[in-house]
Structures are given as structure tokens and as C-alpha cells.
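>>> predicted model, plus sequence, below.
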Number of protein chains: 2
Amino acid sequence: MEKLRSFSTLSAIDNSSMVDKVEMSLLDFFISKELNVGDSIPKELELADLMGVSRTVIRESLNRLRTMGLIETKKKRGTVIKSPDITLILQKSIIPHILDHSTLRDIFELRLALEVGMADFVVTRATNEDILELFEIVKDEEGQSADILFDIDYEIKFHGKLYEITANDTLREFQKLLLPVYKYIYSSGLLNLPTAQRKFTSHKQLVEILQTRDAEKFRMGMRHHLENHFYRIL
Amino acid sequence: MEKLRSFSTLSAIDNSSMVDKVEMSLLDFFISKELNVGDSIPKELELADLMGVSRTVIRESLNRLRTMGLIETKKKRGTVIKSPDITLILQKSIIPHILDHSTLRDIFELRLALEVGMADFVVTRATNEDILELFEIVKDEEGQSADILFDIDYEIKFHGKLYEITANDTLREFQKLLLPVYKYIYSSGLLNLPTAQRKFTSHKQLVEILQTRDAEKFRMGMRHHLENHFYRIL
DNA sequence: TGTAAATTATATGTATGACATAATGCACAA
DNA sequence: TTGTGCATTATGTCATACATATAATTTACA
């Protein structure tokens, strides 16, 4: 297979179906026409006629674009351009047990990077009510005892609130969509999580840092908080 | 519209098409059967028969799953489960000028968070060759002069290399896929970028920090490097 | 004359049957 | 063992017909 690459004269065989081609053509069409949200595109039969294929092919292509959230169709009205909800698209396609292990690991790393990196947004945008709410969430965390049982739902509640604070919808949806992946990773033993782990910075301490509104400190705190996850990967 | 919610006895009208339902059924089928990558599913006619709909509907549903990268079909062989390439899916659907402004801003923030947060992976995984390559990239950056013209391609080259160093394919693809969005944001004036901007930490300085292999310092350096972008958003 | 109800037109949604195409496996031959 | 050809089979494409929902228009009525 690798050897084939050296035959530069051999052009790649066009293995794509009509639907693939039409899909590309349609995307090009959208871009070249600089269509905006709400603009409508020609109806199926017209497109079929224009591109010289059957309505079936057009429909299958449009169906893909619809799946990607690029268009929306209504009876009688036709097809219109839509602003895609990029997270909604991923939502269905991410079925943890179907993703291979390296992808799962990648996604988990992505989460770690995000949570450390979003410190500035959390610190800047957290209202006093948010902080109170966080205190409420962590109030049951036992004093200074850092060795508590790892509770995934508690984890999600706390970190989920942080995502919420960022006021970044895409980020928030992103988190929601990756939740099943985390749950899967934790439960599948892929990460070799110990039942009791040392927490370098507790949730409670994190909230206290947040209260000082020091982004730098909060970022460091979060990094230390996630130390258990990092050292397992690095 | 909002008022309808108070009528709890009124069940939501099932506005979904057959294709929607069949799609859900198929997903449930995959999950309940715990199908793994490579497993094949019944052929179209069997599915049509089983679910009591026409082959057309089955095909449209399968087409969606194929768009999401969950399945792959081959003539004669049939349909098999696939590990979806989640970034490839997004690739086509992200057409910057179709995304609305708030989503664009969200994505840009996501980038900032990622680049600050991935410091640990960069520091830990960068080989000496990587660092040399980075030095090569920044070698033309004028000495201590921090006021250089903002060059998007140069930016992409440098930061792209960092993503590459993380050795995280998903992250890397993610970056590639968001590139058009960045370019669009920079060129559209959405961010009000100044022609000349003060860099708190230059690329060259970043590489020097990286050479010390101090993750903490590198993270701080990156945060300061991106200061121009942050303060425009926060 | 203005508004509500009924009608019509139309574009998408679904169904069906036919044939094209390509991959698979088998039989047979060199 | 290797190669060729043929039959089989599941997806890919096409054509047509009809169902369904809804925008647009007309009609009916106060």
C-alpha cells in the first residue's frame, strides 16, 4: 500500500460516488455564492436538472448537508441555509465504545487542556452568585482530608458549573457532549484510576482561589487539581 | 410558543419524519447490540422489512449515519460499523461565514484556552528536534523588537507546530479544522486587531522557555503571549 | 371592507420497481 | 499456485407516482 505512493504518475482513482461529487459541488456553490443564513437554494428538481443527476442523488447530498446542520428544509418552502450547531453534529456521532482507544485518550487530554486553559474566562466572568453556588456544591467535601472517594457525578457537577461560568455556549455544549466519553473512560478502567487519590488542590480550595479573582493562581490551582489525571497520561 | 409549556397534558407533537425515527432506532440498535468497529449490520432490504418502511427511508437514515462517520458501506459487502473521525465530520460543516458571530467568538476563545492549557503536553513531548525546528521558524523574528507586523501565516506556522508537538491527533485535526475560522476572524475585523501590537512574550522567548522544559513557565509565557487576544475578549 | 375559512399550488417526504455497478467467491484452466 | 471468467449479491442510481404539509390565493361571510 505504502509503495503505491512512489508511483507519482499514477493518479488516484476516483472512488467517490455521484453523491460525494454533488455534495462537494453544493458546498462550492454555497461558498461561491456567499450564501448567508436564511438564504434559500434552488429546489431539488432544479438542482437535479442543473447538475444532470437524478433527484435521488440530489436528495442524498442535501440529506448529508442537513445532517451536518448546514441546511434546513421545509415542505413547500424549500431549502434554506442554516447556521450549524457544531456541537449538535458531534453529539450523535460520539458513541464512546465505538471510538478507538487513542481517540478516547486524545479527547481526555483535550479536556485537561481546556479546563486548565479556561481559567481566565472563569475568573473574569464568575458572578458572586456563581461562587456561592460553587461553595454550596463543595460544602460536603470533608475539611482538609484530600483522600476522598472519587465520585464521578460530583466531579461533573463541579466542573460542569465551571464550564457554565465561562458563558461560552460552544464550550458548554462541548463539555456536555464529551461527558459520555469521560464516564466511559472512568468506568472502563482505561485510565487506571485509583479508588482513593491524593488531591493536590481540592475543589474547595479552588473555589477559595476563584474568590480572590486571581486568574494566574486559579490556573495553577486547576493544573494541580488535575495532577492525578495528568501524571497518568504524561 | 412559551405558553405551551404550561400545558403539561399536551404531549409534544411528533414532528419528526420517518427518517428521524429510523435513525434513532438504528442508533439504539447499535448501542444495544454493543456493536464494535468492523461489525456489519443487516442489509438495507432486511432493515426495510424489519422496520416496516421503504428502502428509501432506510437509505436516507444510513446516509446520515455515514455522514456522521459511524458506518461505511461497500458494494456487495454491505454496511459495517466504523470508528468516526470526529474532526472530519466538523470539517465540512464549519464554513466560517455561515457561523453566527457569537459562535465565532466562542470558537476563538476555545482556541485561546486550548493553547494555554496544552502547555504540559508541549513541554513533555517536544523532542530536541522539535525545538530546533521552532528556533528555525522564529529565527527571522527581529531581536527584541516586539512590535512586528501581525502575520497570520507566520502565526499559524508557529502555533501549528506546537499542536503537532502535542502528538494528539484529535487536537491537531481540531486545530487544522479551526484554521479557516481564525483566518476569517482576523480578516473580518471581528476582533479589531491592531496592525502593530505589543507582544508580551515573543515567539522566540516562548521557544527559549520551552527549552528549559518548565511547563509552568511555558504556560504563563503562552498566556502572556496571547494577552493581546485575551484582553480584546475579556 | 376586513377577516376568517376554504381551496389550490407547490416543494419536500415516502414508496416502489428497475437496472447499473462493483466486490466477492467459485469454477476452471494454464 | 496463479490467473481468468462467470455468477451472485448488496449497494448505487434512476424514474415515476403519490402523500403530506404549508404558503399563497381565493372565497365566504359579517
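On my side now, so go ahead. Since the model is a prediction, treat every value here as computed from it, not as a measurement.

>>> thought residue A:124 was touching residue A:214?
No - using CB atoms under 8 Å, residue A:124 makes no contact with residue A:214, being 11.2 Å away. Backbone N, C-alpha and C define where each C-beta goes, glycine included.

>>> packing partners of the lowest-mean-pLDDT helix or strand in chain A?
Scoring the helices and strands of chain A by mean pLDDT, DSSP states H and E places helix A:86-93 at the bottom, with a mean of 71. Counting contacts by 3 or more CB pairs under 8 Å, 6 or more residues apart in numbering or on different chains; DSSP states H and E, helix A:86-93 packs against helix A:169-188, helix B:86-93.

>>> give me the contact list for that helix.
Helix A:86-93 has contacts (CB atoms under 8 Å, 6 or more residues apart in numbering or on different chains) with A:67-69, A:170, A:173-174, A:176-177, B:27, B:68-70, B:84, B:86, B:89-90, B:93-94, B:99, B:103.

>>> quick check: the spatially most central residue of chain A vs residue B:233, distance?
Note on chain A: the residue nearest the mean C-alpha position is residue A:174, at 3.4 Å, using CA atoms, centre = their mean. Taking CB to CB, to the nearest Å as the measure, residue A:174 falls 17 Å from residue B:233.

>>> about what we covered before: show the buried residues in the contacts of helix A:86-93.
When the contacts of helix A:86-93 are checked for burial by 16 or more other CB atoms under 10 Å in any protein chain shown, the buried set is A:67-69, A:170, A:173-174, A:177, B:27, B:68-70, B:84, B:86, B:89-90, B:93-94, B:99, B:103.

>>> just give me the neighbour total for the residue of chain A found nearest chain B.
At 2.8 Å from chain B, residue A:117 is the closest residue in chain A, using CB to the nearest CB. If you count neighbours by other CB atoms under 10 Å in any protein chain shown, residue A:117 ends up with 27.

>>> before we move on, what about residue A:136?
Close neighbours of residue A:136, defined as other CB under 10 Å, add up to 11.

>>> contacting residues for it?
Residue A:136 neighbours (CB under 8 Å, 6+ apart): none.

>>> for residue A:49, see how far away it is.
According to CB to CB, residue A:136 and residue A:49 sit 62 Å apart.

>>> cool, residue A:152 as well?
The gap separating residue A:152 from residue A:49 is 55 Å, by CB to CB.

>>> chain A: helices as residue ranges?
A:18-32, A:44-51, A:55-67, A:86-93, A:101-117, A:119-125, A:128-138, A:152-165, A:169-188, A:203-212, A:215-225, A:227-233 (DSSP state H).

>>> re the thing from before, worst average pLDDT in the helices and strands packed on helix A:86-93?
Mean pLDDT is lowest for helix B:86-93 among those, at a mean of 72.

>>> the inter-axis angle of that helix versus helix A:86-93?
140 degrees (axes from the mean of the first three to the mean of the last three CA atoms, to 10 degrees).

>>> got the angle for helix B:86-93 vs helix A:55-67?
110 degrees.

>>> centre of the chain to helix B:86-93, how far?
Relative to its chain's centre, helix B:86-93 lies at 8 Å (CA atoms, centre = their mean, to the nearest Å).

>>> restricting to C-alpha, output that helix in PDB.
Taking Å, rounded to 0.1, in the frame of the first residue of the first chain, the C-alpha atoms of helix B:86-93 are listed here in PDB:
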ATOM      1  CA  ILE B  86     -14.900  13.400  14.700                       C
ATOM      2  CA  THR B  87     -12.900  16.200  13.300                       C
ATOM      3  CA  LEU B  88     -13.500  15.200   9.700                       C
ATOM      4  CA  ILE B  89     -17.200  15.500  10.400                       C
ATOM      5  CA  LEU B  90     -16.800  19.000  11.600                       C
ATOM      6  CA  GLN B  91     -14.600  20.000   8.800                       C
ATOM      7  CA  LYS B  92     -17.200  20.200   6.200                       C
ATOM      8  CA  SER B  93     -19.800  21.800   8.400                       C
END
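
>>> between helix A:18-32 and that helix, find me the angle.
Between helix B:86-93 and helix A:18-32, the angle comes out at 60 degrees (the same axes, to 10 degrees).

>>> per the annotation, how does chain A divide into domains?
Domains of chain A are assigned by automatic domain parsing as A:12-84, A:94-233.

>>> closest one to DNA strand D among the ones you listed?
Closest approach to DNA strand D among the domains of chain A (CB to the nearest atom of the strand): domain A:12-84, 3.1 Å.

>>> can you give me the mean pLDDT across the closest one?
Mean pLDDT, computed over domain A:12-84, is 85.
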